[in-house]
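Colleague: no letters, just coordinates:
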Ligand code: BG6
């Protein structure tokens, strides 16, 4: 039996401004938190941008987007997810007037997409708070960020009202738990950050996100605005009830974010957590009503699943995207140690569906791998990336299973559809793309683009609306 995807399914790819645009101070752009993190999310933060930071030049998407969009169109993309660099629009974040050149860049980008019938899906904040807001205000710990974000969101919702229908408020909003600087622009070092301030910052993001949903709908009633969470299906390491409860508690930490976005209230288990940890969330009058503006859909990234146990002797840490847990003995891992679990995708989609009954959008999924350029039959450079095809095929089959389970899925955008700079390690060599970019970890390379084998494979998947996907049995 073949895999059935609905008509109008939004096939496409996903990137983030800071990982591909480059041009980090062109046309009036201010610095962002990414510009001072040369070694990626977990690395040290520098005072000012340093030349070893590959993100400063990225893959030069800022100047080459026309060529890249032509390639996306050749694959048949229906949707392209990118983010707006907040510091292109408000260079410091706290100005009252936006930077026209920054706005014009995204106008041109969205026009180019529409030329090929590709819908933009736009993240308002993808790991790049304007650096000034981070240093001056300590990022989202400060309530003033709500107002700055509101102004920024209003500016872009209004400007792109007729060009952008699909919006996401914060990328992987739950990652602030692990990465307060990159995710929440919080300049206080993680070790010194109190739980009180962390959860207050999260509250500010919730309020800002709900205000964006409210405002976005007022400006364009047709707009579909979603939250975006890092999904992390967690399995008990053993059937010991202690392990099952450890899983429940680990999952609560993450579900909290989607729960507030989808239900508009703080869940009881978090009120208990706050009580037991001496945390008091300061709510301003009206906050509870603002939170009731819930999202239209749930979007998420999915790369890995993890195990949990209550037995601390077994908690040997496994690196899994930004979060860590216990390794699953049944799964293999990527070259970067991320465990590969296609069925986890169907599982997590069912969990989201059972919890919220809102449409889902898979906005990130893919395999970061080392690619080797070879000469193809046509004499052009290419990559024989069968490992990537296998990974994506197996995950898409599980999206098909989730659709069979009765879940409404709006679309699928594979992460890093064109090679870009890795978020966690700032490497070029961790490649996700269908399109190879000739750029390397030492910064060398021509920036030429080449089609990989997976490029042709994905084109076929889209052209057949998923019928060409292979079930393994
Ligand atoms: C997600 C982020 O965490 O994973 C992306 O939203 C990131 O920005 C992606 O690039 C893959 O992670 P990495 O570290 O391999 O780039």
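Modeller: Received, thanks. No experiment lies behind these values; they were computed from the predicted model shown.

Colleague: what is the mean pLDDT for stretch 205-222?
Modeller: Per-region confidence: stretch 205-222 scores 98 on mean pLDDT.

Colleague: ok, stretch 335-343 next?
Modeller: Averaged over stretch 335-343, pLDDT sits at 95.

Colleague: would you mark the buried spots in stretch 324-339?
Modeller: 325-328, 331, 333-334, 336, 338-339 (16 or more other CB atoms under 10 Å). Placement of C-beta: from N, CA and C, glycine included.

Colleague: please report how far residue 7 lies from the ligand.
Modeller: Going from residue 7 to the ligand by CB to the nearest ligand atom, to the nearest Å gives 29 Å.

Colleague: name the SS class of that residue, please.
Modeller: Residue 7 carries the three-state label coil when classified by DSSP: H, G, I helix; E, B strand; the rest coil.

Colleague: OK, contacts around it?
Modeller: The contact partners of residue 7, taken as CB atoms under 8 Å, 6 or more residues apart in numbering, are residue 465.

Colleague: neighbours around the residue of the chain found nearest the ligand, how many?
Modeller: Going by CB to the nearest ligand atom, the ligand is nearest to residue 424 of the chain, at 3.1 Å. Counted with other CB atoms under 10 Å, residues neighbouring residue 424 total 19.

Colleague: re earlier: now the buried residues of stretch 324-339 as TSV including secondary structure?
Modeller: Shown next, in TSV, are those (three-state DSSP):
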residue	secondary structure
325	strand
326	strand
327	coil
328	coil
331	coil
333	strand
334	coil
336	coil
338	coil
339	strand
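
Colleague: tell me the one of these nearest residue 257?
Modeller: Nearest to residue 257 out of the buried residues of stretch 324-339 is residue 325 (CB to CB; 17.3 Å).

Colleague: ok, for that closest one, nearest residue in space, not its chain neighbours?
Modeller: Of all residues not flanking residue 325 in the chain, residue 306 sits nearest, at 3.2 Å (CB to CB, 6 or more residues apart in numbering).

Colleague: what strand or helix carries residue 235?
Modeller: Per DSSP states H and E: residue 235 is located in strand 234-236.

Colleague: just residue 168 next, same as before
Modeller: Short version, using DSSP H and E: residue 168 is in strand 166-170.

Colleague: now do the next helix or strand after that strand: which elements does it pack against?
Modeller: Proceeding N to C from strand 166-170, the next assigned helix or strand is helix 180-184, under DSSP H and E. Where contact means 3 or more CB pairs under 8 Å, 6 or more residues apart in numbering; DSSP states H and E, helix 180-184 is packed against helix 195-219.

Colleague: for the helix it packs on, which residues meet the burial criterion?
Modeller: For helix 195-219, the neighbour count (16+ other CB under 10 Å) marks 196-217, 219 as buried.

Colleague: coming back round to it: quick check: neighbours of the strand holding residue 235 in the sheet, parallel or antiparallel?
Modeller: Strand 234-236 pairs in its sheet with strand 306-308 (parallel), by DSSP bridges.

Colleague: what sits up against the strand it pairs with?
Modeller: For strand 306-308, the surrounding residues in contact (CB under 8 Å, 6+ apart) are 232-237, 243, 246-247, 250, 318, 320, 323-328, 339.

Colleague: from the chain's centroid, how far away is that strand?
Modeller: 21 Å (CA atoms, centre = their mean, to the nearest Å).

Colleague: and stretch 244-258, by the same measure?
Modeller: For stretch 244-258, the distance to the chain centre is 20 Å (CA atoms, centre = their mean).

Colleague: for residue 36, give its distance to residue 150.
Modeller: Going from residue 36 to residue 150 by CB to CB, to the nearest Å gives 25 Å.

Colleague: between the two, which one's more packed in?
Modeller: Higher neighbour count among residue 36 and residue 150: residue 36, with 19 against 16, using other CB under 10 Å.

Colleague: which residues touch that one?
Modeller: Applying CB under 8 Å, 6+ apart to residue 36 gives the contacts 45-50, 53, 131.

Colleague: which ones among the residues you listed lie within helices?
Modeller: Taking DSSP state H, the ones among these that sit in helices are residue 131.

Colleague: how about the contacts of residue 36 in a markdown table, adding pLDDT and distance to residue 388?
Modeller: Below are these laid out as a markdown table (pLDDT from 0 to 100; distance: CB to CB, whole Å):
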| residue | pLDDT | distance to residue 388 |
| --- | --- | --- |
| 45 | 94 | 32 |
| 46 | 95 | 33 |
| 47 | 94 | 38 |
| 48 | 95 | 37 |
| 49 | 96 | 32 |
| 50 | 96 | 32 |
| 53 | 97 | 27 |
| 131 | 98 | 34 |
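
Colleague: just the buried subset of the contacts of residue 36, written out for ChimeraX, thanks.
Modeller: Buried subset of the contacts of residue 36, written as a ChimeraX selection, criterion 16+ other CB under 10 Å:
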select :49,53,131
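
Colleague: in CSV: the contacts of residue 36, plus distance to the ligand.
Modeller: Output for the contacts of residue 36, formatted as CSV (distance: CB to the nearest ligand atom, whole Å):
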residue, distance to the ligand
45, 17
46, 19
47, 24
48, 23
49, 19
50, 20
53, 15
131, 18
